[in-house]
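In: return a 3D structure for these sequence lines:
(one chain, ligands or ions: 1)
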Amino acid sequence: MSTFLNPAYVFGPVRSRRLGVSLGVNLNPADGKRCSFDCIYCENGRNAERRTASPFPRASDIRLALEQKLAQMAEEGEEPDSITLAGNGEPTLNPEFPQVVDDVLELRERMCPQARVAVLSNGTRAHVREVRDALLRLDDNIQKLDAADPHLVELIDQPAAGYDLERTIEGLSSFGGKVIVQTLFLRGELPEGRFDNSREPYLGLWVDALRRISPRSVMVYTLARDVPTQGLQKLAPVELDAICARVRGLGMECSVSY
Ligand code: SF4
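Out: Below you'll find the predicted structure:
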């Protein structure tokens, strides 16, 4: 199945139902993927087939590319509704992540003050102080939590050695509610066996984790595009709606993408 890499520091804009006119900022190399997860559904492809020896882009180069793109959009009478730090892996792995955050926030203030700035992260560096502080400066700190059972995370997200689910949940809890939890629900059959993160006991463990994290809101979604693994199935809208209803029952906001 086909997957893709983002070829530049800045990509888009794309029109998204949820984010409006959205610009992406890629903090990873353009010719490969760098991620602390290796999710079976990753649209960037699996880590082994996307290896790169290229260095991380420098904060100064990302800043220049974003400034030029925003200037070009302004000339064309367009402004982004959102700028999202994401693309080709985990953005917080870039050693200059805090500097990129500050640069993007400064450009937003100067060039498109109505735009929101978001990150799509997998939470694996949320416990690192300078990363955590930078994440807290963003408008929308969106963190992935696909399951709260270590074996299921191992199966779906395939984290790098040393991953600690409890430390991640603790890190997300430490945001004091300034976090949006994003969860992809899916089921499938792999050589390791059948799995379904929308069924008990896994759903209950995930709900318990949400209670601990107490996020500002929750986003649930399912497979939408090509994925690199055979045997995966998306959930039906009615199933996602039922999960959302359960989250709302906790008194939390929940949005769903089908
Ligand atoms: S965390 Fe995101 S970029 Fe990393 S493997 Fe998973 S889906 Fe891909």
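In: next, count neighbours for the spatially closest residue to residue 144 that is not a sequence neighbour.
Out: Counting by C-beta to C-beta, 6 or more residues apart in numbering, residue 122 is the residue found nearest to residue 144 once chain neighbours are left out, at 4.5 Å. C-betas here are computed from N, CA, C, even on glycine. By the other C-beta atoms under 10 Å criterion, the neighbourhood of residue 122 contains 24 residues.
In: swap in the one 4 residues further on?
Out: Counted with other C-beta under 10 Å, the neighbours of residue 126 add up to 23.
In: check residue 114 too.
Out: 9.
In: so where does it fall, helix or strand?
Out: Residue 114 belongs to no helix or strand when assigned by DSSP states H and E.
In: identify the residues contacting the residue of the chain most remote from its centre.
Out: Distance from the C-alpha centroid of the chain peaks at residue 75, with 30.2 Å (C-alpha atoms, centre = their mean). Taking C-beta atoms under 8 Å, 6 or more residues apart in numbering, we find residue 75 in contact with no residue.
In: ditto for residue 198
Out: For residue 198, the contact set (C-beta under 8 Å, 6+ apart) comprises 185, 186, 187, 235, 239, 243.
In: how near is it to residue 230?
Out: 20 Å (C-beta to C-beta, to the nearest Å).
In: for the ligand, what's the nearest residue on the stretch 51-200 of the chain?
Out: residue 122 (3.9 Å; C-beta to the nearest ligand atom).
In: quick one: secondary structure of the residue nearest to residue 94 when sequence neighbours are not counted?
Out: Spatial nearest neighbour of residue 94, chain neighbours left out: residue 27 (4.0 Å); criterion: C-beta to C-beta, 6+ apart. What DSSP: H, G, I helix; E, B strand; the rest coil gives for residue 27 is coil.
In: check the one 5 residues further on too.
Out: Here residue 32 takes the coil state, with states given by three-state DSSP.
In: just residue 152 next, same as before
Out: helix.
In: what residues does it make contact with?
Out: Per C-beta under 8 Å, 6+ apart, neighbours of residue 152: 146, 195, 197, 202.
In: now swap in residue 237 and tell me
Out: 256, 258.
In: go on, the one 10 residues further on?
Out: By C-beta under 8 Å, 6+ apart, the contact set of residue 247 is 207, 210, 218, 220, 254.
In: swap in 7 Å and give it another go.
Out: The neighbours of residue 247, taking C-beta atoms under 7 Å, 6 or more residues apart in numbering as the test, are 210, 218, 254.
In: run through the stretch 151-258 of the chain and note the low-pLDDT ranges.
Out: Within the stretch 151-258 of the chain, no stretch has pLDDT under 70.
In: hmm, back to that, got the contacts of residue 247 as TSV, with secondary structure columns?
Out: Converted to TSV, these look like this (three-state DSSP):
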residue	secondary structure
210	helix
218	strand
254	strand
